[in-house]
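Engineer: Need the 3D shape of this:
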Amino acid sequence: MDRYLRGSSVFVLLACVIVSTWGFKCFDCNKKDCDAPPVSFAKDCPTNVAHCYKTYAKSGSIVTTVRGCGKASGSQAASIGDNACQVITLEAVSTTVCNCNSDSCNAAAVGTKTSLVAAGLGVALALLLTN
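Structural biologist: Numbers count the residues shown, from 1 in each chain. A predicted model of the protein is given here:
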């Protein structure tokens, strides 16, 4: 049993190292149809970037969503912290600007590759330990 547990621990540790070496990803799009981007819109960010941003602008019936790597830029966006949003209204345009600092955190839907792998590893470890 001790040998089995040791082998399982090595597997989990190796899997965690592999997951941590994947590049930091953010959804990246600048289109009117970027409201719910597909997984193919996730891209690797430069190695020195550990933030994603999302802006959602609405003017009448026109809605534009922009997502990308890094923190949101602009003089009014400079005060937005990590994992925070700010609503900026200029004239008739209301814009919500958000910064976040986890992998693929600027997605429209909950659930990222990293969280799915971590959940899968947790289930696998639980099954191994209960047998």
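Engineer: what's K43 in contact with, if anything?
Structural biologist: Counting by CB atoms under 8 Å, 6 or more residues apart in numbering, K43 touches 25-28, 69. Quick note: C-beta positions are derived from backbone N, CA and C, even for glycine.
Engineer: same check, this time on C45
Structural biologist: Contact partners of C45, counting by CB under 8 Å, 6+ apart, are 23-26, 52, 69-70.
Engineer: can you put the residues you listed in CSV and add secondary structure, distance to K58 and pLDDT?
Structural biologist: Compiled in CSV, those are given as follows (DSSP: H, G, I helix; E, B strand; the rest coil; distance: CB to CB, whole Å; pLDDT from 0 to 100):
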residue, secondary structure, distance to K58, pLDDT
G23, coil, 32, 72
F24, coil, 29, 88
K25, strand, 27, 93
C26, strand, 22, 94
C52, strand, 21, 95
C69, strand, 23, 94
G70, coil, 23, 92
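Engineer: In CSV, list the residues you listed along with distance to D44.
Structural biologist: Shown next, in CSV, are these (distance: CB to CB, whole Å):
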residue, distance to D44
G23, 4
F24, 7
K25, 6
C26, 9
C52, 12
C69, 9
G70, 13
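Engineer: tell me which of these is nearest to S40?
Structural biologist: S40 lies nearest to K25 out of the contacts of C45, by CB to CB, at 11.6 Å.
Engineer: I'd assumed V39 was in contact with that closest one.
Structural biologist: No: counting by CB atoms under 8 Å, K25 does not reach V39; the two are 9.9 Å apart.
Engineer: These two - which one has more neighbours?
Structural biologist: K25 (22 against 12; other CB atoms under 10 Å).
Engineer: Any idea what the more buried one is bridged to?
Structural biologist: D44 (DSSP bridges).
Engineer: likewise S59?
Structural biologist: Here S59, judged by DSSP bridges, has bridge partners I62.
Engineer: Do a quick rundown of the strands in the chain.
Structural biologist: Ranges of strands within the chain are 25-27, 29-31, 42-44, 52-59, 62-69, 84-90, 93-100, based on DSSP state E.
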